[in-house]
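>>> Sequence and predicted model, in that order:
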Amino acid sequence: MSPKKPKNGFSRRGFIGGVGIGAIGTGILETPALAADSVKSSGPGAVPISLRINGKPYSLTVEPRVTLLDALRNHLEHTGAKRVCDRATCGACTVIVNNKVVYSCTVLAIDAQGKDIQTIEGLSSGSQLHPVSAAFVNNDAQQCGYCTPGFVMAAKGFLDKHPNPSYDDVEKGLGGNLCRCGTYVGVRKAVLEAAKEMKGGRHA
C-alpha cells in the first residue's frame with residue numbers, strides 16, 4: 001500500500017520535488033546555452049568571496065565549486081552542520097539562509113554572498129541556550145547527536161513560520177531530516193515544547 005500524502009504543504013522534501021516538476025512542466029528550466037549567457041562566470045581557480053554568518057562578515061577564498069557546507073566546515077570552522085549523505089536527503093547539513101531552511105550541501109558558497117546565513121553556532125547567547133536547543137535537551141531528542149544540529153536548525157526555521165503547530169504538523173514539517181538513531185518522538189516533543197516557550201517572547 002502506498003504511503004499517505006500529507007494533507008498540507010509543510011514538508012520541505014515535497015516542496016523541493018514539486019518545484020522540479022513544476023519547472024519542467026512550464027518550461028522554466030533554461031537550456032545550458034541560455035543559462036551560461038545569464039550567469040557571470042568565475043574561476044576555475046579560487047576567488048575571494050564574503051559571507052555573512054550569524055550576523056558577522058567573513059572573507060575567504062574558495063573555488064567556485066565549493067559548497068556552503070564545505071566553506072563553513074573547512075574554511076570557517078563552523079562545524080555544526082554535518083556532511084552525511086551529501087545528496088540533499090538527510091538534512092544533517094541544514095542551515096537557514098535569508099529565513100529559509102536549506103541543505104547547505106546544495107548551495108554554492110559563492111551564491112550565498114549577500115545573504116544572511118544562520119548556523120547552529122549562532123543560536124545560543126553566551127551560556128543561554130536557544131529554546132529549541134534547550135527543548136532538545138529536556139526531551140532527550142538526541143542519541144549520537146550527529147543529526148541534531150540539522151534538526152535544531154530545521155525546527156527553528158519551521159517554528160519561525162509555524163509558531164503554533166500540532167504534533168502532526170511537526171512530523172510533516174521536519175520530514176526533510178533523518179535520524180539514524182530514531183529519536184523522532186523526542187524531537188517532535190521538543191519542537192512542541194519550544195513552540196510554547198517561544199510564544200512567550202522573541203528569540204533570534
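All right, it came through fine. Residues are numbered from 1 along each chain as shown.

>>> which stretches of this protein form helices?
12-26, 32-38, 68-70, 131-138, 148-161, 167-173, 184-198 (DSSP state H).

>>> Identify the residues contacting the nearest residue to R52 once chain neighbours are set aside.
Spatially, and ignoring its direct neighbours in sequence, R52 is nearest to D116 (5.8 Å; Cβ to Cβ, 6 or more residues apart in numbering). Just so you know, the C-beta spots here come from the backbone N, C-alpha and C atoms, and that holds for glycine as well. D116 makes contact with R52, G55, V97, N98, N99 under the criterion Cβ atoms under 8 Å, 6 or more residues apart in numbering.

>>> among those residues, which are in strands?
When DSSP state E is applied, those are split such that R52, V97 fall in strands.

>>> Make TSV from the contacts of D116 and add distance to C85 to it.
Formatted as TSV, the contacts of D116 follow (distance: Cβ to Cβ, whole Å):
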residue	distance to C85
R52	27
G55	29
V97	19
N98	24
N99	24
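
>>> Which members of the contacts of D116 are classed as buried?
Among the contacts of D116, those buried by neighbour count (16 or more other Cβ atoms under 10 Å) are V97.

>>> ok, T148 - contacts?
Residues F136, A141, Q142 are the ones in contact with T148 under the rule Cβ under 8 Å, 6+ apart.

>>> per-residue confidence for it?
Here, the pLDDT recorded for T148 equals 97.

>>> same thing with V62?
So V62 comes in at 98 (pLDDT).

>>> Show me the domain layout of this structure.
Segmentation of the chain into domains, based on automatic domain parsing, reads 47-122, 131-198.

>>> With adjacent residues omitted, what lies nearest to M198?
Here the residue nearest M198, using Cβ to Cβ, 6+ apart, is P131, at 5.1 Å.
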